[in-house]
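Undergrad: model the structure of this input:
(chains A and B)
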Amino acid sequence: MNRKSTSRLWSWIALFGLLSTLVLAVGFGFGVADILSPASVPFTEMPSVQTPPVKETAQADEWLIATIGDSLTRGTGDGTGEGYVRRVVKMLDKVQDKPVTLLNNMAVNGMRADQLSERLNQESIGYVLKKANIVLLTIGGNDLFQSARSEQFGDQSLNQDTLLAKADQGVVHLKKVFAGIRKWNPDALIVYVGLYNPFTDLEEMREIGNNVVQKWNDAAFQMINKDKNMIMVPTFDLFQQNIGMYLSSDHFHPNGDGYQAIAERIVQSIR
Amino acid sequence: MSSLLPLIQNETIKVLKKKRFYVVLLILIVLIPVFTYAQMKIAQNNREKFNQDWRLELQQRITDIQNTLGSDRVPEEWKKYRRIMLQQLQYYLDHDVNPDEPNGVTFTRTFMDNAVTLFIPLLVMAIASDIVSSERSTGTIKMLLTRPVRRWKVLLSKWIVLMMFTGIIVILTALLAYLISGMVFGYGGWTFPIFTGFALSGTEVNFDTVHIVPSWMYMLMQCGLIWFSSVVVAALGFMISVLVRSTAASIVTLMATLIAGSILYNMASSWPTAKYLFMINLKLTDYLAGTPAPVEGMSLPFSLGVLAVWGIAGLFVAFRVFTKQDILN
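TA: Residues are numbered from 1 along each chain as shown, chains lettered A, B, ... in the order given. Prediction:
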């Protein structure tokens, strides 16, 4: 490097350094100003709510599945993490030739029917439901047994009357859930997975649990029966004798085999 | 001033001749493509899984966060952070804006956000650490100080040069990140809307002050805040460079401090006094993005204050020691 090019390089560096520092100092000033008194810098705008446009709902040439509900739809208890949802998607993919896509699994652990009907008001949930042509859902288990689970072996909350009262309450919300889904998508096939009794192996709970679950399933069936594009997939009988085989170690959620059994039922009814 | 300019020129040429600056450039040119490639893989993966629709992906992200919130095993601190994240993501979704629109500008923004605590300070350190100490380890300091120039002027010229390079490093990092990632993600997105002004109180997000800034403006503000943090790191590196004779020792000292800071950052919530450490306050960009600060009660003025005190103290010590100390051997 000769003297001349060195001195030219130095002046470039100095200029670049000076400019950088100036630009950054301005940025720093803007940044501080904007944080301390929001929207005080130029070029800011106020946000407006925009609903995303949805393309024409998918036609019959593909299966677009959206799932919503509680931990069962989430797949809690399944060691492989697949739950019935991914198993259904895989099986459907095998048994027929249309492409199957799982759009979203919007299930949240511990969700009750009242929370779900609330959640269905969200624009962003609606966006996904609008795109789908099949909606799978499970809900209700937590409405009935949420408190029972935490005190599983205390008999306080497990008496029949309280549980029946809970079922009565929950069913009202279940109706809102179905209406909520229909509001977003009048055409999709809605598949409701019925409840099972996770306590059939506990002598004192077997009968009470069966009564309550059956009451819930009856009420759900009455609602589903009114809509020709809704079906209910029963799971009650699956678990009646097979609790040991189908339930995971938390004694509430199905294990992989349990989810497999549920998934097979669903595929049988919608393929 | 007239006697300062030749000194600055001299110091600049020294920095260039010592090739430290080229090392910085090389690091940037090698590492940014690595990050770009990783980011590209993630983007590809997501696009395949979610049917090319970012709204579905974002909805799934929100649902996943909701699910972790229900778990008792997740520490309360993380839940707080995730609750805030959740509300912000939902806000983006409700306004139909993709927070991760794939383009060069988004990449640069994310990259700079992650670079502020360790990567950029490291690059600044590469220059700062040896700017004084190398003079002493090579013995050239005696020649420098026997000139008929006041000692503080010598040091001031070094500081000015360091400031120049700090600015250059911040701008260059952003520029290279943009240019390199743009080859993959495209060079657009300068006017894409970014939400800022999320006011946090506890786990609640107040959306009253939320407003839209175009991406370029956001980046300008972000780089400005990063620059301020970098100047403070440079000041402290400068001080250590004056105090410690060997360049290696001065790099190790400051790097250890910075790394300790990034470890502490995650634990700071259970040790509130940590908020007076400069390392905890380096992430000024968090205030812009609306990410919760590591310690309850930290705010932008507080962080700026802490950083300014550390920076000024560093410079004060540097000048004090440099003008008073005896140069032996």
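Undergrad: tell me the contacts of residue A:212?
TA: A:144, A:160, A:163, A:164, A:166, A:167, A:197 (CB atoms under 8 Å, 6 or more residues apart in numbering or on different chains). Just so you know, the C-beta spots here come from the backbone N, C-alpha and C atoms, and that holds for glycine as well.
Undergrad: at 10 Å instead, please
TA: Applying CB atoms under 10 Å, 6 or more residues apart in numbering or on different chains, one finds that residue A:212 lies in contact with A:144-145, A:148, A:158, A:160, A:162-167, A:195, A:197, A:199, A:205.
Undergrad: so which residues of the stretch 201-329 of chain B form helices?
TA: With DSSP state H, counting those that start in this stretch, the ranges of helices along the stretch 201-329 of chain B come out as B:215-243, B:247-267, B:285-289, B:300-324.
Undergrad: by mean pLDDT, show me the worst of those helices.
TA: Averaged per stretch, pLDDT over the helices of the stretch 201-329 of chain B is lowest on helix B:247-267, reaching a mean of 87.
Undergrad: distance from the chain centre to that helix, please.
TA: 14 Å (CA atoms, centre = their mean, to the nearest Å).
Undergrad: that helix packs against which elements?
TA: If contacts are counted by 3 or more CB pairs under 10 Å, 6 or more residues apart in numbering or on different chains; DSSP states H and E, helix B:247-267 sits against helix B:76-94, helix B:119-128, helix B:130-138, helix B:215-243.
Undergrad: the first one near chain A at all?
TA: What that stands for is helix B:76-94. Yes: counting by CB under 10 Å from any CB of the partner chain, chain A has neighbours in helix B:76-94: B:89, B:90, B:91, B:92, B:93, B:94.
Undergrad: so who does the third one touch?
TA: If I follow you right, that is residue B:91. Neighbouring residues of residue B:91 by CB under 10 Å, 6+ apart: A:47, A:49, B:97, B:99, B:195, B:198, B:205, B:207, B:210, B:290.
Undergrad: same deal with residue B:11?
TA: A:10, B:131, B:144, B:154, B:157, B:158, B:159, B:160, B:161, B:162, B:164.
Undergrad: could you find the closest non-adjacent residue to it?
TA: Distance criterion CB to CB, 6 or more residues apart in numbering or on different chains; nearest residue to residue B:11, sequence neighbours excluded, is residue B:161 at 4.3 Å.
Undergrad: for chain A, name the helix or strand with the lowest mean pLDDT.
TA: Using mean pLDDT, DSSP states H and E, helix A:141-150 stands out as the lowest-scoring helix or strand of chain A, at a mean of 75.
Undergrad: among the contacts of residue B:91, which one lies nearest to residue A:110?
TA: Nearest to residue A:110 among the contacts of residue B:91 is residue B:205, at 22.5 Å by CB to CB.
Undergrad: any idea what sits nearest the closest one, other than its immediate chain neighbours?
TA: Using CB to CB, 6+ apart, the closest residue to residue B:205 is residue B:87 (4.3 Å).
Undergrad: from memory the one you found sits against residue B:199, does it?
TA: No: at 11.4 Å, residue B:87 does not count as touching residue B:199 under the criterion of CB atoms under 10 Å.
Undergrad: shared neighbours of the two, anything?
TA: B:205, B:206, B:207, B:290.
Undergrad: between those, which is nearest residue B:305?
TA: Set against residue B:305, the nearest of the shared contacts of residue B:87 and residue B:199 by CB to CB is residue B:290 (20.6 Å).
Undergrad: what does the model give that closest one for pLDDT?
TA: Looking at residue B:290, its pLDDT is 87.
Undergrad: now residue A:1
TA: Residue A:1 is assigned a predicted lDDT (pLDDT) of 49.
Undergrad: residues of the stretch 1-150 of chain B that sit close to chain A?
TA: Residues of the stretch 1-150 of chain B lying near chain A (CB under 10 Å from any CB): B:5, B:8-13, B:15-17, B:21, B:49-51, B:53, B:55-60, B:62-71, B:89-97.
Undergrad: how does it look with 8 Å?
TA: Proximity of the stretch 1-150 of chain B to chain A, by CB under 8 Å from any CB of the partner chain, involves residues B:8-9, B:12-13, B:16, B:50-51, B:53, B:55-56, B:58-60, B:62-63, B:66-67, B:70-71, B:90, B:93-96.
Undergrad: ok, residue 123 - how many residues close by?
TA: Just going to use chain A. Look at residue A:123: counted by other CB atoms under 10 Å in any protein chain shown, it has 16 neighbours.
Undergrad: correction: the question concerned chain B.
TA: Counted with other CB under 10 Å, residue B:123 comes out at 26.
Undergrad: tell me the domain boundaries of chain A?
TA: Per the record, chain A has its domains at A:1-48, A:63-270, by automatic domain parsing.
Undergrad: point out the most buried one among those domains.
TA: Mean neighbour count (mean count of other CB atoms under 10 Å in any protein chain shown) peaks for domain A:63-270 among the domains of chain A, with a mean of 19.
Undergrad: quick check: end-to-end length of that domain?
TA: One end of domain A:63-270 to the other measures 11 Å (CA to CA, to the nearest Å).
Undergrad: centre of the chain to that domain, how far?
TA: Mean C-alpha position of domain A:63-270 versus that of the full chain (CA atoms, centre = their mean) differs by 11 Å.
Undergrad: what residue in the stretch 151-271 of chain A comes nearest to chain B?
TA: Nearest to chain B, among the residues of the stretch 151-271 of chain A, is residue A:250, at 12.8 Å (CB to the nearest CB).
Undergrad: now residue A:243. Nearest residue, chain neighbours left out?
TA: residue A:201 (4.7 Å).
Undergrad: what helix or strand is the one you found on?
TA: Using DSSP states H and E, residue A:201 falls within no helix or strand.
Undergrad: returning to what we had before: what about the residue nearest to residue B:205, neighbour count?
TA: Using other CB under 10 Å: residue B:87 sits among 19 other residues.
Undergrad: pretty sure it is touching residue B:202, no?
TA: No: in this structure, residue B:87 is not within contact of residue B:202 by CB atoms under 8 Å, at 11.8 Å.
Undergrad: thinking again about what came up before, output the shared contacts of residue B:87 and residue B:199 in a markdown table; the columns should cover neighbour count.
TA: Putting the shared contacts of residue B:87 and residue B:199 into a markdown table (neighbours: other CB atoms under 10 Å in any protein chain shown) gives the following:
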| residue | neighbour count |
| --- | --- |
| B:205 | 20 |
| B:206 | 12 |
| B:207 | 15 |
| B:290 | 21 |
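Undergrad: for residue B:12, grab the count of nearby residues.
TA: 23.
Undergrad: tell me the secondary structure at it.
TA: Following DSSP: H, G, I helix; E, B strand; the rest coil, we place residue B:12 in the helix state.
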